[in-house]
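Undergrad: Quick check, what structure comes out for this input:
(chains A and B)
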Amino acid sequence: MADLTKFTASGIAEKIASGEVTAVEVTEAHLARIEAVDEKVHAFLHVDREGALAQARAVDDKRARGEELGPLAGVPLALKDIFTTKGIPTTVGSKILEGWIPPYDATLVTRLKDADVVILGKTNMDEFAMGSSTENSAYGPTNNPWDLTRIPGGSGGGSSASLASFQAALAIGTDTGGSIRQPAAVTGTVGVKPTYGGVSRYGMVAFSSSLDQGGPCARTVLDAALLHEVIAGHDPLDSTSIDAPVPPVVEAARNGSVRGMRIGVVKEFSGEGYQAGVVQRFNESVELLRELGAEVVELSCPSFDKALAAYYLIAPSECSSNLARFDGLRYGLRVGDDGSRSAEDVTALTRAEGFGAEVKRRIMLGTYALSSGYYDAYYGSAQKVRTLITQDFQRAFEQVDVLVSPTTPTTAFPIGERVDDPMAMYLADLCTIPANLAGNAAMSLPCGLAPEDGLPVGLQIIAPALADDRLYKVGAAVEAAFVDKWGHPLLEEAQSL
Amino acid sequence: MTVTELVSYEDALAVYDPVMGLEVHVELGTTTKMFCGCSTALGAEANAQTCPTCLGLPGSLPVVNETGVESAIKIGLALNCEIAEWCRFARKNYFYPDMPKNFQTSQYDEPIAFNGYLDVEIDGGEVFRVEIERAHMEEDTGKSTHIGGATGRIHGAQHSLLDYNRAGIPLIEIVTKPIEGAGDRAPEVAKAYVAELRELIKALGVSEARMEMGQMRCDVNLSLRPHGADKFGTRSETKNVNSLRSVERAARFEVQRQAAVLGGGGTVIQETRHFHEEDGSTTPGRVKEEAEDYRYFPEPDLVPVAPSREWVEELRGTLPELPRVRRTRLREEWGISAHEMQSVLNAGAIDLITATIDAGADAASARKWWMGELARRANEDGVDLASLPITPVQVARVCALVAEGSLNDKLARQVIEGVLAGEGDPDAVVQARGLQVVSDEGALGAAVDEAIAGNAAIADKIRGGKVAAAGALVGAVMKATRGQADAARVRELILEKLGVQG
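TA: Now for the predicted structure:
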């Protein structure tokens, strides 16, 4: 039998639906793959072997009874460990939640289960999704399958690495400042941050509530669209979720085209700090878009230069409040409760040991930014910048249908290179942050390997809020043209593990 | 407890004007919590009415209870407030174990209702206008029970038990503007305001507002300034003053205490104080070394609340007659004084009397029974008038039986006693206990004859013109009929038989 881990999600689903393979065979193949390679990659924090096989059996039973199967029934998925899973540990990459077993499923998890997607386990991530390399995980880093000495991106490095190493056919990520797109870019995979409010946040442990957005990760644009359709849609349990039909993403992915579209290149997404090979692949992508019939327009979004600064006030501010509940009193880690200490002391000891350095740094930054006397200068100003960025996008989308940029300024950097330099680490999200601040939809997909290091480069596409389908329409066209040009999907050039 | 020297209330007022600010929290009577679907019913086992959201579990999110917003708007409208066209919730960040998220979802600079007033009546019918600063929505905290500490407070406790059933129950906080110019009546105004607000809340049907159950809680902020001064003095904040009487006492105590502090050349410290029911005093709470910084910011997990003007007007149209207007109307209809109306209000009898009248009783009788016999019983039993096991319909039936002459007052009291004892409706009690006025003229006549025969000397006095002596014969007849005769009729018969004009 062909290696079942090498197929696309849609391909696997078709094989299961047609009876060519069983869902159990598919799941077993992926579990075996995890067994074989995850020691090297460390994508998973928890593998739910029994649960996954039970789900797979249920799919096979359904088929045996002649019931209709959904478009992703039986497809194995890797879930970022930020979504609550009933009865299964959820750590958010933090020691502070070690041992916590949530009593409820996130809405996204319920939807995956309802769609008969098989959840293999929970993937590694930067603690509380704070980071761009997965090095901030309390459970050790994840290694990039392209080069195990390099980072797989972050915060969702476990999800992107699981796809790039064929341990899962689909994955789920969350994107607060780029945590889906940047890992996708540096692992040669596809990642989409839907419009803010497109996918329910209920059961997704909050980092920065006004920015966090769950989304699909896959190896192809169509697979991402199929997963997008499963997880998106209004949820009455999340009042910020959009009560509107899900944009026709699958249809768009099946009908990729840029002919007649106006595509914007933002001047501010270039200059110092961009790796030559990244710029080269990006320019080739723009050329390709022209060849495919798009009109390319250069435009300026002047406020984007302030996006990183605004982000590093808003996100820490919200996180300082969101993370206040981790006090060691109700769940997760508790340190120093020997009967002699006060609740306050136990909380202090628990947090000192339970939170990592980056999380502490952001809690302190946010606490400061919200404090009386500083609020207007920091949080208040950042919100104004956010409005300006939204207006920049609005003006841009009056002229063009989508914007494109490199997803990240550089390819995957070596593990350890930036851990002691937070500013350098933060720059990895330079191009992805504006879309979070404005709530737009954005995608990253592979556009080649940087000549100097042979590592994947990501192309970012940004669409207006609620126009997620445009990402897939453009993405599918670009993907098809590149695969045609390369003669195979980019991931085939990755080392075999 | 620190011993505080007080100056007399009169001496304090001779020098200072009190300025008050009252903050009242009202627990709404919605069936579910403010941000989740958990029940708000009282009396459940600890933590039985909780879910990921009101426990603040990682990943959980709030969703606004529409009935909560509706109640807030109704309260705002009834308090003559403007209703925000667009407002947001805010997070009030502070750490306390009974607050699951370690922030309270509240409102900060964008309250749902603002700029209103409430007219309150003080003794003697004088109307005082209390200006309302704002009314905003927020959630209640859980409840901590501290075990092992001397005072039941967290300080010094060995361990604490946490019950989150109350966490997330909707609260409306109503804040007054500074109440100035009440002079020596400030404590009375404070009490009247809270009383009027409670009536209003009850009339709106948004909460039972039972202070003894913690459904309505009051913080009394008070400062003094010398007569003629413009600037407010430093205030104290007396927290959780939970009865009308306590509100008045707390305000009065603070006037006396602060006057003593200021008079002795000291300065009033801005601090939280606790009120003590036993002796009506206040004592300082735990001293905070620095001012609490709540780091308010707009709640990003909730979308703004933007009540349409149509909805607001629709709600305005559903507002009931407001309590003070209604009391004035009823007072006129019932023909009673302001003072009598105040007693009826204080006894919590307005609705009961109204319902009794609606069931057919006349106003005087209805008021007589509720404010007399029944109020006495409620008082004896230490319960609310409304929780006595008798309905306005039953009281109305008793009134009807008296009016038609089937019962006299003495028998009627027995009937009421029977109803309260669970013996059934008034008619059933009359039947079972055999309580009927003896109106059979034959039987009554025989009893009168017997009484005359047995008291010949008295009968002679009456014949001789000492009509007042008839009372003794009436008593004898009443005794013989076990009180079931109509005394007035008995007297008539006696005089008739003795040939005397009454």
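Undergrad: I'd like to know how far the spatially most central residue of chain A sits from residue A:199.
TA: In chain A, the residue lying closest to the centroid (CA atoms, centre = their mean) is residue A:180, at 2.0 Å. According to CB to CB, to the nearest Å, residue A:180 and residue A:199 sit 11 Å apart. From N, CA and C alone the C-beta is placed, and that goes for glycine too.
Undergrad: Specify the local secondary structure of the residue in chain A sticking out farthest from the centre.
TA: In chain A, the residue that sits farthest from the middle, by CA atoms, centre = their mean, is residue A:340; the gap is 43.6 Å. Classification of residue A:340 by DSSP: H, G, I helix; E, B strand; the rest coil places it in coil.
Undergrad: Just the pLDDT at it, thanks.
TA: At residue A:340, the model reports a pLDDT of 88.
Undergrad: how near is it to chain B?
TA: Distance of residue A:340 to chain B, given as CB to the nearest CB, to the nearest Å: 10 Å.
Undergrad: quick revisit: need the residues touching each of residue A:180 and residue A:199.
TA: Shared contacts of residue A:180 and residue A:199 (CB atoms under 8 Å, 6 or more residues apart in numbering or on different chains): residue A:215.
Undergrad: The longest strand along chain B - contacts with which helices or strands?
TA: When chain B is parsed with DSSP state E, its longest strand is strand B:126-139. Here strand B:126-139 touches helix B:66-78, strand B:103-106, strand B:113-122, strand B:170-176, helix B:186-204, going by 3 or more CB pairs under 8 Å, 6 or more residues apart in numbering or on different chains; DSSP states H and E.
Undergrad: Any idea which helix or strand in chain A has the lowest mean pLDDT?
TA: helix A:422-426 (a mean of 88; mean pLDDT, DSSP states H and E).
Undergrad: coming back round to it: so what's the residue nearest to the centre of chain A up against?
TA: Neighbour list for residue A:180: A:156, A:159, A:173, A:174, A:191, A:192, A:193, A:215, A:217, A:444 [criterion: CB under 8 Å, 6+ apart].
Undergrad: near chain B, which of those residues show up?
TA: With CB under 8 Å from any CB of the partner chain as the criterion, those include none near chain B.
Undergrad: who wins for neighbours among the residues you listed?
TA: With neighbours taken as other CB atoms under 10 Å in any protein chain shown, the top of the contacts of residue A:180 is residue A:159, carrying 40 neighbours.
Undergrad: Tell me if I am right that that one is in a strand.
TA: No: Residue A:159: not assigned to a strand; according to three-state DSSP it is helix.
Undergrad: Which residues of the stretch 251-400 of chain A lie near chain B?
TA: Counting by CB under 8 Å from any CB, the stretch 251-400 of chain A comes close to chain B at A:317-318, A:320-321, A:324-327, A:329-331, A:343, A:347, A:367, A:370-372, A:375, A:379.
Undergrad: now the residue of the stretch 51-200 of chain B found nearest chain A, nearest residue through space, not along the chain?
TA: Going by CB to the nearest CB, chain A is nearest to residue B:102 of the stretch 51-200 of chain B, at 3.6 Å. Of all residues not flanking residue B:102 in the chain, residue A:324 sits nearest, at 3.6 Å (CB to CB, 6 or more residues apart in numbering or on different chains).
Undergrad: related to what we said a few turns ago, got the helices and strands packed on strand B:126-139 as JSON lines, with mean pLDDT columns?
TA: Shown next, in JSON lines, are the helices and strands packed on strand B:126-139 (pLDDT from 0 to 100):
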{"stretch": "helix B:66-78", "mean pLDDT": "98"}
{"stretch": "strand B:103-106", "mean pLDDT": "98"}
{"stretch": "strand B:113-122", "mean pLDDT": "95"}
{"stretch": "strand B:170-176", "mean pLDDT": "98"}
{"stretch": "helix B:186-204", "mean pLDDT": "96"}
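Undergrad: Output the ones you listed in a markdown table, with mean neighbour count appended to each entry.
TA: Output for the helices and strands packed on strand B:126-139, formatted as a markdown table (neighbours: other CB atoms under 10 Å in any protein chain shown):
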| stretch | mean neighbour count |
| --- | --- |
| helix B:66-78 | 22 |
| strand B:103-106 | 21 |
| strand B:113-122 | 19 |
| strand B:170-176 | 24 |
| helix B:186-204 | 23 |
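Undergrad: if we can go back for a sec, what comes up buried for the next helix or strand after the longest strand of chain B?
TA: Using DSSP states H and E, the helix or strand that directly follows strand B:126-139 along the chain is strand B:143-147. By neighbour count on 16 or more other CB atoms under 10 Å in any protein chain shown, the buried set for strand B:143-147 is B:144, B:146.
Undergrad: What pairs with strand B:143-147, parallel or antiparallel?
TA: Strand pairing for strand B:143-147, using DSSP bridges, gives strand B:159-163 (antiparallel).
Undergrad: Let's see the partner strand as PDB, backbone CA atoms only.
TA: Only the C-alpha atoms of strand B:159-163 are listed here, as PDB (Å, rounded to 0.1, in the frame of the first residue of the first chain):
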ATOM      1  CA  HIS B 159      -8.400  27.900  55.300                       C
ATOM      2  CA  SER B 160     -11.200  29.200  53.200                       C
ATOM      3  CA  LEU B 161     -14.100  27.500  51.400                       C
ATOM      4  CA  LEU B 162     -15.200  28.900  48.100                       C
ATOM      5  CA  ASP B 163     -18.700  28.700  46.600                       C
END
